[in-house]
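1. just a sequence and a predicted model for now, questions to come.
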2 protein chains.
Amino acid sequence: MTLRIAEVFGPTIQGEGALIGEPTLFVRAGGCDYRCSWCDSPHAVDSRFRQDWTPMEPAEVMARLGALSGGQPMMVSLSGGNPAIQDFAPLIAMGRAKGYRFACETQGSVARDWFAALDMLVLSPKPPSSGETTDWAKFDACLAAAGDAPRVMKIVVFDDADLDYARTAAARHPELSLCLQPGNPESDPDTPVSLDALAARLEWLVDRTIGAGWLRPRILPQLHVLIWGNKRGV
Amino acid sequence: MTLRIAEVFGPTIQGEGALIGEPTLFVRAGGCDYRCSWCDSPHAVDSRFRQDWTPMEPAEVMARLGALSGGQPMMVSLSGGNPAIQDFAPLIAMGRAKGYRFACETQGSVARDWFAALDMLVLSPKPPSSGETTDWAKFDACLAAAGDAPRVMKIVVFDDADLDYARTAAARHPELSLCLQPGNPESDPDTPVSLDALAARLEWLVDRTIGAGWLRPRILPQLHVLIWGNKRGV
């Protein structure tokens, strides 16, 4: 089962979500069923970049992960694009046999049996600013597919409409731990990121949640953007 | 048992360590047995500021926490100064009865029975750049006092000597989850923080740990410094 892979990189820190700061290898899958207006990884989504995706067998990906980590087992994040449109079961089985752990980041639009083999399923339903619409039946199917695997929810928030969406999503799933992340309006790797603007967006989100008495979500920025801007492969 | 309290504030985000991003109330205790050269809270340490510390009964602190959170139970961080030089058992008992959870941040120089009542004991032994020396027997007594309470280790790193210390501390305690945090050389609330310098210190620490094949520690910055600089009460 050949995979379409946009990037394999690391070890670096996980920049966002519940595993923020953890040493992580990244496997960025090519291809996505969404076209979010503010996507930060268009090179792994848009079919325009299809020729840059490498066809790789699971064993090749595993060999690359082993080379990158010097053979030390560690956390691997399957991201994209939407990794759920491909079959990562063989890679996960191979990696887990060597002690690697696997997290998967997906919007929750496609349920896969292999979610149950994950160490963490990170579901990131997309708010209105993305231009996409959440099919909650499919989202629930993803949760069900994960079974006993730890499952968390992460929502990117650009504006008040996104925040309303996050509150509704949170209310639908009281059983999930929730991270909110301020949106990054810039995805061009060549455009310098304004750290002041990044800090201001984080402050805005803290004010509008914790500051307004909503005490459930963790509020976390994207550390990789803080350090490296929108550069790829870090 | 009257407490000496430098500040009670929140709700805001926990800016650092394993609970980073979590909505948190802070109780900053006045008084410390250490004098770290780069202390970021001298107003809670130096006896010069003693007249600014408020004597408060545990019930008064609890009432203040309830008012700040609108009565919603949430995470409370006991910090300082070194909170372990005072008796927080009555406050913890009162708060837990109402559903509040308690974390305590301490260098691990003074063991207290009430560590066992915590939801998280965060031990932050101080590296050489602090000018302090770690008494590991006392540190181990703190760990033992916590019993079954979750215990984590967090170490601030300014330079390579601090990093050597962190590796030694980590090797002494393979059972503890470990966060490393780049040092912030500036603690004056009136001096603006350079976000570029903060990002550069984080990148340096990622390079010197994960980038050098040390895959155990989580690497996390201080989010409150990113957002608010060295301002107090946030």
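-> All right, it came through fine. Here the structure is a predicted model, which is why all the values come from computation and not from measurement.
2. give me the pLDDT for the residue nearest the centre of chain A.
-> With distances taken as Cα atoms, centre = their mean, the residue of chain A nearest its centroid is residue A:105 (3.6 Å). Here, the pLDDT recorded for residue A:105 equals 98.
3. ditto for residue A:184
-> 87.
4. so which elements touch the longest strand seen in chain A?
-> Criterion DSSP state E: the longest strand present in chain A is strand A:3-13. Here strand A:3-13 touches strand A:23-29, strand A:54-56, helix A:58-68, helix A:223-228, going by 3 or more Cβ pairs under 8 Å, 6 or more residues apart in numbering or on different chains; DSSP states H and E. All C-beta atoms are positioned from the backbone trio N, CA, C, and that covers glycine.
5. list the buried ones in the second one?
-> Just to be clear, that refers to strand A:54-56. Under the neighbour-count criterion of 16 or more other Cβ atoms under 10 Å in any protein chain shown, strand A:54-56 has residue A:56 buried.
6. which residues are contacting it?
-> A:2-6, A:64 (Cβ atoms under 8 Å, 6 or more residues apart in numbering or on different chains).
7. looking at the residues you listed, which is nearest chain B?
-> residue A:64 (16.4 Å; Cβ to the nearest Cβ).
8. surely the closest one meets residue A:9?
-> No - with contacts counted by Cβ atoms under 8 Å, residue A:64 stays clear of residue A:9, the gap being 9.5 Å.
9. what's near enough to touch residue A:88?
-> A:3, A:29, A:58, A:78, A:102, A:104, A:112, A:114.
10. measure it to chain B for me?
-> Separation of residue A:88 from chain B (Cβ to the nearest Cβ, to the nearest Å) stands at 22 Å.
11. backbone dihedrals for the residue lying closest to residue A:159 once chain neighbours are set aside, both of them.
-> Once flanking residues are discounted, residue A:159 sits nearest to residue A:129: 6.0 Å by Cβ to Cβ, 6 or more residues apart in numbering or on different chains. Reported as degrees, to the nearest 10, the phi and psi values for residue A:129 are phi -60, psi -20.
12. give me every residue in chain A lying close to chain B.
-> A:11-13, A:20-23, A:69-70, A:72, A:74, A:179, A:195-196, A:198-199, A:202-203, A:206, A:209-211, A:213, A:215-221, A:223, A:226-228 (Cβ under 8 Å from any Cβ of the partner chain).
13. quick one: strands adjacent to the longest strand of chain A?
-> strand A:23-29 (antiparallel), strand A:54-56 (antiparallel) (DSSP bridges).
14. mean confidence score for that strand?
-> Here the average pLDDT along strand A:3-13 is 97.
15. ok, stretch A:225-234 next?
-> 85.
16. and the helices in chain A?
-> Remark: helices assigned in chain A by DSSP state H are A:58-68, A:89-97, A:136-146, A:160-172, A:195-208, A:223-228.
17. grab the nearest non-local neighbour of residue A:191.
-> Nearest residue to residue A:191 in three dimensions, chain neighbours excluded: residue A:230, at 6.8 Å (Cβ to Cβ, 6+ apart).
18. the one you found: neighbour count?
-> 18 (other Cβ atoms under 10 Å in any protein chain shown).
19. same deal with residue A:70?
-> There are 10 residues near residue A:70, going by other Cβ under 10 Å.
20. next, the angle from the longest strand of chain A to helix A:58-68.
-> 20 degrees (axes from the mean of the first three to the mean of the last three Cα atoms, to 10 degrees).
21. go through strand A:3-13 and flag the buried ones.
-> For strand A:3-13, by 16+ other Cβ under 10 Å, it's A:3-8, A:10-13.
22. residue A:39: which of those is nearest?
-> residue A:6 (12.4 Å; Cβ to Cβ).
23. check contacts around the closest residue to residue A:162 other than its chain neighbours.
-> Excluding its sequence neighbours, the residue lying closest to residue A:162 (Cβ to Cβ, 6+ apart) is residue A:127, at 3.7 Å. For residue A:127, the residues meeting the contact criterion (Cβ under 8 Å, 6+ apart) are A:155-158, A:161-162, A:165-166.
24. give me the ChimeraX select line for the residues you listed, limited to the buried ones.
-> One line in ChimeraX is enough to select the buried ones among the contacts of residue A:127; burial here means 16+ other Cβ under 10 Å:
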select /A:155,156,157,158,162,165,166
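25. how about TSV for the contacts of residue A:127, with pLDDT added?
-> Formatted as TSV, the contacts of residue A:127 follow (pLDDT from 0 to 100):
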residue	pLDDT
A:155	98
A:156	98
A:157	98
A:158	97
A:161	98
A:162	98
A:165	98
A:166	98
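26. okay, the contacts of residue A:127 in TSV with distance to residue B:90 next?
-> Compiled in TSV, the contacts of residue A:127 are given as follows (distance: Cβ to Cβ, whole Å):
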residue	distance to residue B:90
A:155	39
A:156	42
A:157	39
A:158	45
A:161	46
A:162	43
A:165	43
A:166	38
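27. which ones are touching the closest residue to residue A:139 other than its chain neighbours?
-> Setting aside the residues directly before and after it, residue A:139 is nearest to residue A:108 in space (Cβ to Cβ, 6+ apart), at 4.0 Å. Residues near residue A:108 by Cβ under 8 Å, 6+ apart: A:123-125, A:134, A:138-139, A:142-143.
28. then residue A:201?
-> Per Cβ under 8 Å, 6+ apart, neighbours of residue A:201: A:182-184, A:221.
29. among the residues you listed, which one sits closest to chain B?
-> residue A:221 (6.8 Å).
30. using CSV, write out the CA atom coordinates for stretch A:164-179.
-> Only the C-alpha atoms of stretch A:164-179 are listed here, as CSV (Å, rounded to 0.1, in the frame of the first residue of the first chain):
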residue,chain,number,x,y,z
ASP,A,164,-19.1,30.4,18.8
TYR,A,165,-18.4,27.3,16.8
ALA,A,166,-15.8,26.1,19.3
ARG,A,167,-18.3,26.5,22.2
THR,A,168,-20.9,24.5,20.3
ALA,A,169,-18.3,21.8,19.4
ALA,A,170,-17.1,21.7,23.0
ALA,A,171,-20.7,21.3,24.2
ARG,A,172,-21.3,18.4,21.8
HIS,A,173,-18.3,16.6,23.2
PRO,A,174,-17.9,17.2,27.0
GLU,A,175,-15.8,14.0,27.2
LEU,A,176,-12.9,15.4,25.1
SER,A,177,-10.1,17.6,26.4
LEU,A,178,-10.1,20.8,24.3
CYS,A,179,-7.3,23.0,23.0
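31. tell me which residues in it are buried?
-> For stretch A:164-179, by 16+ other Cβ under 10 Å, it's A:165-166, A:169-170, A:173, A:176, A:178-179.
32. list the contacts of it.
-> Under Cβ under 8 Å, 6+ apart, the answer for stretch A:164-179 is A:16-18, A:123, A:125, A:127-128, A:134, A:136, A:143, A:151-155, A:157, A:180, A:214, A:216-220, B:21.
33. ok, the closest residue to residue A:150 other than its chain neighbours - contacts?
-> Spatial nearest neighbour of residue A:150, excluding adjacent residues (Cβ to Cβ, 6+ apart): residue A:120 at 4.9 Å. Each residue near residue A:120 by Cβ under 8 Å, 6+ apart is listed here: A:18-19, A:102-104, A:149-152.
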